[in-house]
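Student: A structural model of the following input is requested.
(2 chains)
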There are 2 protein chains.
Amino acid sequence: MIYEGQELPKHALVMVGLPARGKTYIARKIARYLSWLGYDTRTFNVGEYRRSQVGARQPASFFDPDDESTSGVREAIARRALDDMVGWLIGGGEVAIYDATNTEKSRRDAIWQRCHAVGIQVVFVESICEDERVVERNVRDNKLRSPDYADVAPEEAVRDFRQRIAFYERNYEPVDEPDRSYVKIIDEGRQVVVNRMAGYFSARLMFFLMNIHPARRKIWLTRHGESVFNTEERIGGDSDLSARGLSYARSLADHMLKQPKTDQLVVWTSTLKRAVQTATHLGIRPVARRALDEIDAGICDGMTYEEIKRDLPEEFSARRGDKFRYRYPRGESYADVIQRLEPIIVDLERQRHPILVVAHQAIIRALYGYLTGRPQEECPHVPIPLHTIVELTPTAYGYEEHRVELEPSLPDRSDAPLSMGPWPQG
Amino acid sequence: MIYEGQELPKHALVMVGLPARGKTYIARKIARYLSWLGYDTRTFNVGEYRRSQVGARQPASFFDPDDESTSGVREAIARRALDDMVGWLIGGGEVAIYDATNTEKSRRDAIWQRCHAVGIQVVFVESICEDERVVERNVRDNKLRSPDYADVAPEEAVRDFRQRIAFYERNYEPVDEPDRSYVKIIDEGRQVVVNRMAGYFSARLMFFLMNIHPARRKIWLTRHGESVFNTEERIGGDSDLSARGLSYARSLADHMLKQPKTDQLVVWTSTLKRAVQTATHLGIRPVARRALDEIDAGICDGMTYEEIKRDLPEEFSARRGDKFRYRYPRGESYADVIQRLEPIIVDLERQRHPILVVAHQAIIRALYGYLTGRPQEECPHVPIPLHTIVELTPTAYGYEEHRVELEPSLPDRSDAPLSMGPWPQG
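Tutor: Below you'll find the model as predicted:
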């Protein structure tokens, strides 16, 4: 039987675009998203192959398409990355991302033929940027930090990089092959063109691509404050906050209202009382989303760890054996949680305002896992204590993290199961 | 608090395109989808206004843009439909669809200005069809049945309609306004262009538009066979099939394998045992999808109607009062079920193969409600007995239905609650 999301496509996502158009940014986003969803994903970055084979410090002239001495070298490097990619996909990989300029139609045709011959589906992902200011920003913010320009004076690096772009522009043919599958992302998502994309995997990917943007804003994640069930060491349920939990709700509001741009803050909670109550004092109308409800513990809902260990010892040890895939009888696994969180992730990417998510341990672990680029199996093991705000700022290629413990005097029962056993709490 | 999907956008979706490009087909699909999701949606079809004001039988020359005597009339009719639409949105409507050609930029600008002035968000939805065979098919299959050509000989009607298209082609300006929100659907979804679409509502709509297609195929819906819980009149649970249920599984396979194109049949089940077991004999590997699991009866799971009435009389009567919105404590409402079925609907639209869905009463009711264009509140009241296959064939503007009762000798306990009380079973 095939569970949804577990089908195995063999896809090559082939980036297309001039330098400094955000190709690597998009490639990394896709890789993180697909890995988190459980696809075995790997990126093949031709720039990295080049640096490892001919060294980082190549002047712009290395990219001159009319210089036959270098263009042969560049082609050999690109072919080597392609060989590795095809080999990896044939050997069991699921989704490969081929990160290079691929600005010439003949090059794209060769890639397509090569993949098609062995049953790999190719999707071209082209990034077009007409806005010179965005290109300028990409060059200054990202390219100057590239190993290609280590120790080069900024103005000299910019000049050299502009020359490199000019070489690629000379032979650039935007994707326009009516029978090929492609996505064009124009001006950071202002316009998206989608051609011959069929299938659930493609639809999912496209929906994601239509929503990402590089605008900088903060994302705060927190579990609800301590609940009555937490004090009884019971999992699940829909209990109210304890006195300590109520106090955290106030501390959380105090802390958040000191943050910049809180007039624009968006707040999402689960639909469970302990999460909604935790967001009460923010003075912002939260959006309650069922997809943020805690992992469903099924028949174990409302039990303590001790009770589960005593009454359902087989469940207890099954979960210990594979906490990620273990599904509570009549309930959910972490893998299930990730599936249902997918629309939340797309919506989170779409938001341009700062956002606070008040939810539950398994949920925050899964969101945190996505935002920090962890493979899905690691999600159940991420420490997310009660009464702690995790502040994440996504950056071009990664994220910045800052954690604030409020009310650290609280004896955090949620840490116990992490060391004692594999049961989530709250 | 705002629950997701309950935010109230005021949107005007303005269709654009030459005649016979499937605008009305797309408009009806959108209307059905949004109504089912709970948005108050209404379509304003300018062709219908025309027919009611100047009669159906206008010759092609009525549409000659250079004929001042008729172009004034046509403009007045379009303005009247627009007035009604704006009035309806201001008066509380949520999503209006303005179904007309709107092929000239000046017309679109006027609509946009008019809506923008009163805070209505406008999205242009343009259908472009380059394939002459598709246009020909649309003309013959749909336009000849239009009231405009009642009692006109087919060849004469085609000739006249082609002349009407030619008049519109003369001044056609495809949407290309970079600052406007628009979706272009090219060649029935081969290519989709999306411009300045932000927000959850838009993303949802667009995802839907990218997946619809007019290819004809059958959809079969059935509940699982009778389960052990059914025989005990208990709701929910995850019990096995009864002997009768097992017999239905065999009859279902016999019946389905006699259908055309079963070599292409796609089978979806829920993840619950009774649904998976019902699909066992089909000889096709089913896809088990959690989103198809039965409505979660929360604390009532595993109870009989009698027990709920006796032990939780307030719940019993609350559900009777509003079966659509009633949410089982710790469980779901029909409204919740519809939210979680949305990706299933989009995936169902996307499929081009015949498909069999084996699920549960509330689930099949909700899917049936969508496919037959019922408003969401009616879904809980649709009769879907056990051991019955519902065969639906979506057509250009509606659907054809055919029901087959297998093993009608079964005393169908599922009918009892329909008359006795508001509880779903199975």
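
Student: show me what from chain A comes close to chain B.
Tutor: With the criterion set to Cβ under 8 Å from any Cβ of the partner chain, chain A comes near chain B through A:1-4, A:178, A:190-200, A:203, A:206-207, A:210-211, A:238, A:271, A:276, A:285-291, A:301, A:330, A:336, A:339-340, A:343, A:346-347, A:350. For every residue, glycine as well, the C-beta is placed using N, CA and C.

Student: of the residues you listed, which belong to helices?
Tutor: Taking DSSP state H, the ones among these that sit in helices are A:200, A:203, A:206-207, A:276, A:336, A:339-340, A:343, A:346-347, A:350.

Student: any chance of TSV for those, columns neighbour count, distance to B:Gly245 and pLDDT?
Tutor: Listed next are those as TSV, based on neighbours: other Cβ atoms under 10 Å in any protein chain shown; distance: Cβ to Cβ, whole Å; pLDDT from 0 to 100:
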residue	neighbour count	distance to B:Gly245	pLDDT
A:Tyr200	18	30	69
A:Ala203	19	34	72
A:Met206	21	40	80
A:Phe207	18	38	80
A:Val276	18	41	97
A:Asp336	19	26	89
A:Gln339	22	28	87
A:Arg340	21	29	89
A:Pro343	18	34	85
A:Val346	20	39	89
A:Asp347	20	40	89
A:Arg350	18	44	87
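
Student: going by distance to B:Ala12, which of those wins?
Tutor: A:Arg350 (21.9 Å; Cβ to Cβ).

Student: can you tell me the closest non-neighbouring residue to that closest one?
Tutor: A:Asn211 (4.1 Å; Cβ to Cβ, 6 or more residues apart in numbering or on different chains).

Student: ok, now A:Pro19?
Tutor: A:Ile165 (5.0 Å).

Student: contacting residues around that neighbour?
Tutor: A:Ile165 sits next to A:18-20, A:135 when contact means Cβ atoms under 8 Å, 6 or more residues apart in numbering or on different chains.

Student: could you redo the last one with a cut-off of 10 Å?
Tutor: A:Ile165 is in contact with A:18-21, A:60, A:63, A:101, A:135, A:139, A:143, A:172, counting by Cβ atoms under 10 Å, 6 or more residues apart in numbering or on different chains.

Student: could I get those as TSV with pLDDT?
Tutor: Formatted as TSV, these follow (pLDDT from 0 to 100):
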residue	pLDDT
A:Leu18	95
A:Pro19	93
A:Ala20	91
A:Arg21	93
A:Ala60	88
A:Phe63	90
A:Thr101	96
A:Val135	89
A:Val139	87
A:Lys143	80
A:Tyr172	96
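
Student: got the CA coordinates for the longest helix anywhere in chain A in PDB?
Tutor: In chain A, ranked by residue count with DSSP H as the criterion, the top helix is helix A:68-90. Extracted C-alpha coordinates of helix A:68-90, given in PDB (Å, rounded to 0.1, in the frame of the first residue of the first chain):
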ATOM      1  CA  GLU A  68      37.600  28.000 -26.000                       C
ATOM      2  CA  SER A  69      40.300  27.100 -23.500                       C
ATOM      3  CA  THR A  70      38.000  27.700 -20.500                       C
ATOM      4  CA  SER A  71      34.600  26.800 -22.000                       C
ATOM      5  CA  GLY A  72      35.800  23.200 -22.500                       C
ATOM      6  CA  VAL A  73      36.900  23.100 -18.800                       C
ATOM      7  CA  ARG A  74      33.500  24.600 -17.700                       C
ATOM      8  CA  GLU A  75      31.600  22.000 -19.800                       C
ATOM      9  CA  ALA A  76      33.600  19.200 -18.400                       C
ATOM     10  CA  ILE A  77      32.900  20.400 -14.800                       C
ATOM     11  CA  ALA A  78      29.200  20.700 -15.600                       C
ATOM     12  CA  ARG A  79      29.100  17.200 -17.100                       C
ATOM     13  CA  ARG A  80      30.800  15.700 -14.100                       C
ATOM     14  CA  ALA A  81      28.100  17.200 -11.800                       C
ATOM     15  CA  LEU A  82      25.500  15.900 -14.100                       C
ATOM     16  CA  ASP A  83      27.000  12.400 -14.100                       C
ATOM     17  CA  ASP A  84      27.100  12.400 -10.400                       C
ATOM     18  CA  MET A  85      23.500  13.500 -10.200                       C
ATOM     19  CA  VAL A  86      22.200  10.900 -12.600                       C
ATOM     20  CA  GLY A  87      24.200   8.300 -10.800                       C
ATOM     21  CA  TRP A  88      22.800   9.300  -7.500                       C
ATOM     22  CA  LEU A  89      19.200   9.200  -8.800                       C
ATOM     23  CA  ILE A  90      19.700   5.800 -10.400                       C
END
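
Student: after it comes which helix or strand?
Tutor: Sequence-wise, the next helix or strand downstream of helix A:68-90 (DSSP states H and E) is strand A:95-99.

Student: chain center to that following strand: distance?
Tutor: 15 Å (Cα atoms, centre = their mean, to the nearest Å).

Student: tell me the strands beside it, with direction?
Tutor: In the sheet containing strand A:95-99, its partner strands are strand A:11-16 (parallel), strand A:41-45 (parallel), by DSSP bridges.

Student: taking helix A:68-90 as reference, get the angle to the first one.
Tutor: Strand A:11-16 and helix A:68-90 meet at an angle of 160 degrees, taking axes from the mean of the first three to the mean of the last three Cα atoms, to 10 degrees as the criterion.

Student: lovely, talk soon.
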